[in-house]
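**Q** I'd like to go over a predicted model; first the sequence, then the structure.
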Amino acid sequence: MQVYEFHPGSQPLLISIPHCGTHIPDDIASTMTPAALELADTDWHVDRLYDFAVELGAAIIKPSASRYLIDLNRPSDGHNLYPGADSTGLCPDSDFDRRPLYRNGSGPDAVETARRLECWWLPYHEKLQSELASLVAAHGAAVLFDAHSIRSRVPRLFEGQLPDLNIGTEDGKTCAASLLAAVKSVLEQQSDYSYVIDGRFKGGYITRAYGQPDAGVHALQLELTQCLYMRETLPFDYLPAQAAQLQPVLHALLERIIDWAHVEAGRL
């Protein structure tokens, strides 16, 4: 099976969708619990939600592997990006509701984890690195937009209901202040959705690892609440009418990011 699907673009924008994959090899699936095979923590339909981005000229990368197989938005050593907070790991052994993912109650051992890193994690990150380098070479600057979604209520990870749109930049470290201001201006111009910047979600490994403004690469994460565009419970249906209301905001956001990137490249 193909490790990832990549659509090249013509603009200085790369959209990564690391948690939309659903593939788990049969031999691994046979060791997992029925709860695991629901794939409840998948970023369902995010690739469909952003399908308009191809027309904007954005490059898009998305994996085939489920985050239950290996989480592409975690560091390879598995350390917690939110010290002191509960979180699922590189090869998680439980889901967001703390349900066990494996029948024997434990995840893969070190040898199996290393194999999954080599087969699934490394190729995705090598492509991120090479594409961002190509975009900087071609345009002078690049923006990495890491696209995510999550249930609006996940007691394991946060209290109450999450704001609709959650921008993460590791407290402004992963992108230029002017880019963050441009993003904020788009969010302020719409009134349908609540938003927060660097709240509970400050950006995962991808945002933090590749957001290097001094090197011309600016990264940010957008974590959407799934209730905006889909059913948050089985069978996780996409809701076209609700999605159609959200997409203009996402479209405006990506357009503004592309415009900013061209101005930034011209300034350098």
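**A** Structure's in. What do you need? Residues are numbered from 1 along each chain as shown.
**Q** quick one, strands of the protein?
**A** 4-7, 13-16, 59-63, 142-150, 165-168, 195-197, 217-225 (DSSP state E).
**Q** could you dump the ones you listed to CSV with mean pLDDT and distance to Gly266?
**A** Just so you know, the C-beta spots here come from the backbone N, C-alpha and C atoms, and that holds for glycine as well. Output for these, formatted as CSV (pLDDT from 0 to 100; distance: least, Cβ to Cβ, whole Å):
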stretch, mean pLDDT, distance to Gly266
strand 4-7, 98, 26
strand 13-16, 98, 16
strand 59-63, 98, 20
strand 142-150, 98, 14
strand 165-168, 98, 24
strand 195-197, 98, 26
strand 217-225, 98, 15
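**Q** of the ones you listed, which approaches Leu37 most closely?
**A** Nearest to Leu37 among those is strand 59-63; the distance by Cβ to Cβ comes to 18.1 Å.
**Q** which positions in the closest one come out as buried?
**A** 59-63 (16 or more other Cβ atoms under 10 Å).
**Q** residues in contact with Cys227?
**A** Counting by Cβ atoms under 8 Å, 6 or more residues apart in numbering, Cys227 touches 151-152.
**Q** er, Leu56 actually
**A** Applying Cβ under 8 Å, 6+ apart to Leu56 gives the contacts 11, 13, 251, 254-255, 258.
**Q** ok, so of the residues you listed, who is nearest Ile206?
**A** Leu13 (14.6 Å).
**Q** just grab the bridge partners of that closest one for me.
**A** Using DSSP bridges, the beta-bridge partners of Leu13 come out as Val143.
**Q** now it: how far from Arg256?
**A** 11 Å (Cβ to Cβ, to the nearest Å).
**Q** re the thing from before, so which pair among the buried residues of strand 59-63 is furthest apart in space?
**A** Farthest pair in these (Cβ to Cβ) is Ala59 and Pro63. Separation: 14.7 Å.
**Q** thanks again, I'm all set now.
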